[in-house]
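Model the following, please.
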Amino acid sequence: MELQKYQRYFKTGPGEYGEGDVFMGVRMGQVFALAKEFADMDLAEIEALLDEPFHEPRAGAVRIMATQARGKRTPEGQRQRLYELYMRRHDRINDWDLVDLGAWDVVGRWLVDKPRDVLDELARSSNMWERRTAILATMAFMRIGQLDDTFRIAEQLLDDDQDLIHKAVGWALRAAGDSDRARLRTFLDRHAATMPRTTLRYALEHFEAPERAHYMGTRKAATP
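Numbers count the residues shown, from 1 in each chain. Sure thing, here's the model as predicted:
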């Protein structure tokens with residue numbers, strides 16, 4: 001039953017975004033408990049887990065990477081190596097939950113005090129999971145009040161054809177709006193009429209009902 005649930009949840013059927021992914025049927029709570037137990041795992045072993053054909057070991061690997069990346073005692077050199085591993089093996093970080101586990105902590109935290117043009121490269125990638133990393137990594141910058149990258153990457157992804165990108169962009173915009181509602185309004189004034197409906201709906205979740213209705217009405221009015 002657990003295995004069938006995962007197959008439906010992660011859409012592993014023919015033509016679906018998770019096509020070909022295989023599961024053991026282990027509960028993610030158990031995976032995360034093991035990841036916590038082996039949080040000090042070295043990079044070679046982490047990469048070996050990423051090479052596993054099953055989804056659960058890969059989830060555990062990214063969880064360990066994220067735990068190490070946000071650890072207060074983790075040396076800067078180790079954070080760099082984790083970032084480089086994530087980027088080099090993005091072919092194995094190939095479903096929405098794997099990206100969500102690592103993009104913020106492994107990629108975003110590393111780039112906080114560094115050039116971020118790599119995110120623009122990821123946003124232009126033909127790989128949906130790399131594009132999702134691009135927007136979700138910017139969540140790390142919001143913690144220090146930096147929103148420019150979120151709005152820039154979000155704008156680049158507004159024409160994306162994948163619903164999982166629409167959702168991720170909407171979440172990021174919603175979080176940015178929690179820090180600066182006026183700036184989100186300005187963004188929506190420019191793009192609400194043409195942005196994907198899912199993105200707009202997620203971005204508006206923390207607005208009051210009348211304002212949500214206003215922007216959703218703008219989107220509806222612009223739809224042929």
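
Burial check on T194, number of neighbours?
13 (other C-beta atoms under 10 Å). For the C-beta atoms, the positions are set from N, CA and C on the backbone; glycine is no exception.

worst-scoring helix or strand of the chain, pLDDT-wise?
In the chain, no helix or strand scores lower on mean pLDDT, DSSP states H and E than helix 2-9, which sits at a mean of 68.

which parts of the following helix or strand past that helix are buried?
The helix or strand immediately downstream of helix 2-9 is helix 28-37, counting by DSSP states H and E. Across helix 28-37, burial judged by 16 or more other C-beta atoms under 10 Å covers M28, V31, F32, L34, A35.

Not counting its neighbours along the chain, what's nearest the last one?
Yep, that's A35 we're talking about. R63 (3.9 Å; C-beta to C-beta, 6 or more residues apart in numbering).

just how off-centre is the strand or helix carrying that neighbour within its chain?
Using DSSP H and E, the element containing R63 is helix 55-70. In terms of C-alpha atoms, centre = their mean, to the nearest Å, the centre of helix 55-70 is found 14 Å from the chain centre.

what angle do that helix and helix 28-37 make?
40 degrees (axes from the mean of the first three to the mean of the last three C-alpha atoms, to 10 degrees).

Buried residues of helix 55-70, list them for me.
55-69.

between the residues you listed, which is nearest D149?
Minimum distance to D149 across these is 18.1 Å, recorded for A69 (C-beta to C-beta).

Check that closest one and give its pLDDT.
Listed pLDDT for A69 reads 98.

Now do it against R212, distance only.
In this view, A69 and R212 are 35 Å apart by C-beta to C-beta, to the nearest Å.

in this protein, what spans have low per-residue confidence?
The chain contains residues with pLDDT under 70 at 1-3, 6, 9, 221-224.

at 50 instead, please
For the chain, the stretches flagged by pLDDT under 50 are 1.

Could you list the domains of it?
1-111, 112-224 (automatic domain parsing).

Now the helix holding R63 - C-alpha only, CSV.
The C-alpha trace of helix 55-70 is given here as CSV (Å, rounded to 0.1, in the frame of the first residue of the first chain):
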residue,chain,number,x,y,z
HIS,A,55,14.1,7.0,-4.4
GLU,A,56,14.4,6.6,-0.7
PRO,A,57,18.2,6.3,-0.5
ARG,A,58,18.5,9.4,-2.7
ALA,A,59,16.1,11.3,-0.4
GLY,A,60,18.3,10.2,2.6
ALA,A,61,21.4,11.4,0.8
VAL,A,62,20.0,14.9,0.2
ARG,A,63,18.6,15.1,3.7
ILE,A,64,22.1,14.4,5.1
MET,A,65,23.6,17.0,2.7
ALA,A,66,21.1,19.6,3.9
THR,A,67,21.7,18.7,7.6
GLN,A,68,25.4,19.2,7.2
ALA,A,69,25.1,22.4,5.1
ARG,A,70,23.0,24.1,7.8
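
Much appreciated, bye for now.
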